[in-house]
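1. Kindly generate the corresponding structure for this input.
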Amino acid sequence: MATHNILGKAGENAATEYLERQGYVIRHRNWRRGHLELDIVAAKDNELIVVEVKTRRNTEFGAPQDAVNEQKIRHIVRATDTYMKLFAIDEPVRFDIITVVGNDEHFQIEHIENAFYPPLF
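-> Residues are numbered from 1 along each chain as shown. Here you go, the predicted model:
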């Protein structure tokens, strides 16, 4: 496995552990359907929370959340729509970003709730 994939997997593990400590119930990790993918799908307080995880070794080239651009947002929203239809979910949905910066020995985690809203298509 490539080094960046190993770091990404460690970051997703750290994000999942963080969410569980905060009382979130993890429904799925790395959910895929065709070309659609969601990093973490969680639930808390009768709300579905879709979490995009961005992991970086450092912020030398910018903030990790800046990688979640308009195209990525549209992809996440499209995947969420498919997920909700597939599992017949009728709950409010929230889109969060968790940034994970560092390495396995020490990650700095930032949880950005309501990081974005679905764009109008």
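
2. beta partners for Trp31?
-> Leu38 (DSSP bridges).

3. Can you tell me how far the closest residue in space to Glu70 that isn't next to it in sequence is from Ile76?
-> Distances taken as C-beta to C-beta, 6 or more residues apart in numbering place Pro119 nearest to Glu70, at 7.1 Å, with adjacent residues excluded. In this view, the C-beta of every residue, glycine as well, is placed from N, C-alpha and C. For Pro119, the distance to Ile76 equals 10 Å [C-beta to C-beta, to the nearest Å].

4. Just want to know which of those two has more residues nearby.
-> With neighbours defined as other C-beta atoms under 10 Å, Pro119 and Ile76 compare such that Ile76 has more, 23 against 9.

5. what's the pLDDT at Leu120?
-> As predicted, Leu120 sits at a pLDDT of 72.

6. Check Thr3 too.
-> 62.

7. ok so, going back, residues in contact with the residue nearest to Glu70?
-> 70, 73-74, 77 (C-beta atoms under 8 Å, 6 or more residues apart in numbering).

8. between the residues you listed, which is nearest Val100?
-> Ile73 (19.2 Å; C-beta to C-beta).

9. Run through who's touching the helix or strand harbouring that closest one.
-> Applying DSSP states H and E as the criterion places Ile73 in helix 70-86. Here helix 70-86 makes contact (C-beta under 8 Å, 6+ apart) with 28, 31, 33, 36-38, 41, 48, 50, 52, 68, 89-90, 93, 95, 116, 118-119, 121.

10. Recalculate using a threshold of 6 Å.
-> Outside of helix 70-86, the residues that reach it under the criterion C-beta atoms under 6 Å, 6 or more residues apart in numbering are 33, 36, 38, 50, 116, 118.

11. got it, and stretch 93-105?
-> 10-11, 14-15, 47-56, 64-65, 68, 107-116.

12. quick one: the residue nearest to Glu70 is in a helix?
-> No: going by DSSP: H, G, I helix; E, B strand; the rest coil, the assignment for Pro119 is coil, not a helix.
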